[in-house]
Every structure is written in C-alpha cells, then in structure tokens.
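Visitor: All I have is the shape, not the residue letters:
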C-alpha cells in the first residue's frame, strides 16, 4: 500500500521517533509535492514496471463469425532508485554554546533536501545520479511518437505577449489549461506544477474571470484550485533563487516563456514514488572521526510511471500582462 511522507511523519511521531518526525515535517514545509505523492516500498534498488503501450483494436463481427483477435501491448522497463540524503554535522563546541544548534541545522537540512527533491521531480537526470524527472519523461513519450497530445504548445499567437494582456489572452490561457487537464489520463489531474510567477499570474487570471477557488495545505497555507485540481508551486532550487521550472524557455517562439506540468498519481496505474523504505534519520551522536555530532538522513527513492499519459506538459506561457 502506497503512503505519503505525511503518513510517515505521523507514524514516526507515534513511534516516539521525534527527530525523524520533525525532519519529515520540515521537509514537507517546502514541498507541497511530497504532501500528496504516494510512495510504495520495495527493498530492491530497481523495479521492473509494466507500462501501457497501445490498446487492443476493437471491432464488430458478422453472425456466426469470430471476432478478430487483438491484444493490448505493453512495455517492460526498469525504474531505478537513488540514495538521497545528507549527513548533518554540528561541531561539539557549537552545541555546548547553544544546545538548539542541532535542531537549527536539522531544519535547514530538511528544507535543502526538499528543494533538491522538488528539482529532481521536474528536472532529474539519471546521468547525474538522479531519478528521471517528469520533464525528461514527457519528452521521451512525445519523441517516441506514440502519444503526442500530452505536449501542448500554449503560446500566444503574438510571441512574448503575456497571458494577462487582455480578455482574449486570458480566455486563451484558460482554454489551454482545460486542454492540459483533459489530455491527462482519464481527463483527470492530481496536480498542476508551475513556478511562482506562473502561479501568481494563474491566480490573477482566474480571479479576474471569477473562477478562482481556494483550499489549504496541511500547514494552513492557501492553495489555488481549478476544476478540483490543486495548483502547486514547485518553487526554487536550494540556492533560493533559481526557479525549478525556468522563465526563459523558448519552445513557442518567444524568449520569456514557461511551462505547466500536469500529473496524475496512482500506484501501479499512473505515476507514483518508489522507495526502499520510508525516510530514515539516525542520530549517530558524537562520532570518532571528527569533533561533531552527526545525524544521517537517508531516503532511497525513485519514480515509477505505468501509463505514459499520466504526465502532460503545456509550454509557451508568458506570465505577465505585457508585450516584451
């Protein structure tokens, strides 16, 4: 049974694993993604997954004649898991001066891990010892030529014209968001992922068109919703300035464009997280090789995709009200 990091944080707290629970909660503060992504545990470092390729051909038959035989086709692929984590070292002198220093460093580490995880979810590249992110996955599906509807050119007819420029552009933007959700498997998305500027422009557009609805995340923070789909900021990288989803794409002919990704979650059906076991945090105390107290945070993780249409991307958005 797949569980989220939220479930793991709660279970750790119930088991008296206070540090592990706190680090999981601090991680979740900076990752709305981790609040909803289901993870299935398996001890193996790689998992063979059956991915849908094509559906069978269905037809009619004449009286006393058989149906034509046809079978759906599948693709067998292997998804790897990657050892993700960090060792948190705090000098014994600092701890003696301020016993709360270990907690401060733990919180900072958990936030940094969340930023890295968010980045890998979008941009992960196995060539860099990361699990493959959804950007590469949707490119792979499109380039294979089997499914091409999940790669949508949503750019304005006028390159670099902002989606908030006028009512026509706002309506065109809304049309493309509906299309993005519609092409996701089952015409249903679990979440739309975007950068912060796109998120704010999205909110402004839907507020002006009086279709904005809002909810809250587990920390009580406002989340915008459209067609019952949460709009999630994937945020910045650990440097606190570089957007995970950039603002300088040029796929639709402009130079200041960005993308929105739609994902449907579901274990063995759509997209889900793989883990050897839930995130572990071990307090190693004062270690012998250095005058430091050390925590080891480790999470062996990856992604699995069983249906290629569980991911879709719309590109070409210019999240402003200007023509640049």
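Guide: Yes, it's here. Worth saying up front: this structure is predicted, and the values here are computed from it rather than measured.
Visitor: got the buried residues for the lengthiest helix in the chain?
Guide: Criterion DSSP state H: the longest helix present in the chain is helix 101-123. For helix 101-123, burial by neighbour count (16 or more other Cβ atoms under 10 Å) applies to 101-102, 105-107, 109-123. To be clear about C-beta, it is placed using only N, CA and C from the backbone, and glycine gets the same treatment.
Visitor: I'd assumed residue 139 was in contact with residue 311.
Guide: No. The pair residue 311 and residue 139 does not pass the contact test of Cβ atoms under 8 Å, sitting 10.0 Å apart.
Visitor: Which of these two has more residues huddled nearby?
Guide: Legend: neighbour count by other Cβ atoms under 10 Å for residue 311 and residue 139, higher for residue 311 (27 against 12).
Visitor: what's the more buried one sitting at in phi/psi?
Guide: phi -130, psi 140 (degrees, to the nearest 10).
Visitor: Remind me which helix or strand residue 51 belongs to.
Guide: If you go by DSSP states H and E, residue 51 is part of strand 46-54.
Visitor: quick one: strands adjacent to that strand?
Guide: The strands beside strand 46-54 in its sheet (DSSP bridges) come out as strand 73-80 (antiparallel).
Visitor: who's in contact with the partner strand?
Guide: By Cβ atoms under 8 Å, 6 or more residues apart in numbering, the surrounding residues in contact with strand 73-80 are 45-54, 126, 131, 274, 302-305.
Visitor: and the spatially closest residue to residue 217 that is not a sequence neighbour, what does it touch?
Guide: Distance criterion Cβ to Cβ, 6 or more residues apart in numbering; nearest residue to residue 217, sequence neighbours excluded, is residue 223 at 5.4 Å. Contact analysis of residue 223 by Cβ under 8 Å, 6+ apart lists 32, 214-217, 230-232.
Visitor: Pipe these into TSV and attach secondary structure and pLDDT per row.
Guide: As requested, the contacts of residue 223 are exported to TSV (DSSP: H, G, I helix; E, B strand; the rest coil; pLDDT from 0 to 100):
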residue	secondary structure	pLDDT
32	helix	97
214	strand	94
215	strand	95
216	strand	95
217	coil	95
230	strand	97
231	strand	97
232	strand	98
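Visitor: buried sites along whichever helix or strand comes after the longest helix of the chain?
Guide: As assigned by DSSP H and E, the chain's next helix or strand after helix 101-123 is helix 134-144. By neighbour count on 16+ other Cβ under 10 Å, the buried set for helix 134-144 is 134-135, 137-138, 141-142.
Visitor: Same question for stretch 11-22.
Guide: Under 16+ other Cβ under 10 Å, the buried positions of stretch 11-22 are 12, 17, 19-22.
Visitor: mind listing what the one residue sitting closest to the centre of the chain touches?
Guide: The centre of the chain sits closest to residue 121, judged by Cα atoms, centre = their mean, with a distance of 4.7 Å. Contact analysis of residue 121 by Cβ under 8 Å, 6+ apart lists 33, 37, 133-134, 193, 234, 303.
Visitor: out of those, what pair is the most spread apart?
Guide: Based on Cβ to Cβ, the longest span within the contacts of residue 121 runs between 234 and 303 and measures 14.5 Å.
Visitor: Can you give me the pLDDT of residue 31?
Guide: Per-residue pLDDT puts residue 31 at 97.
Visitor: right, I mislabeled it, should have said residue 199
Guide: Each residue has a pLDDT score; the one for residue 199 is 96.
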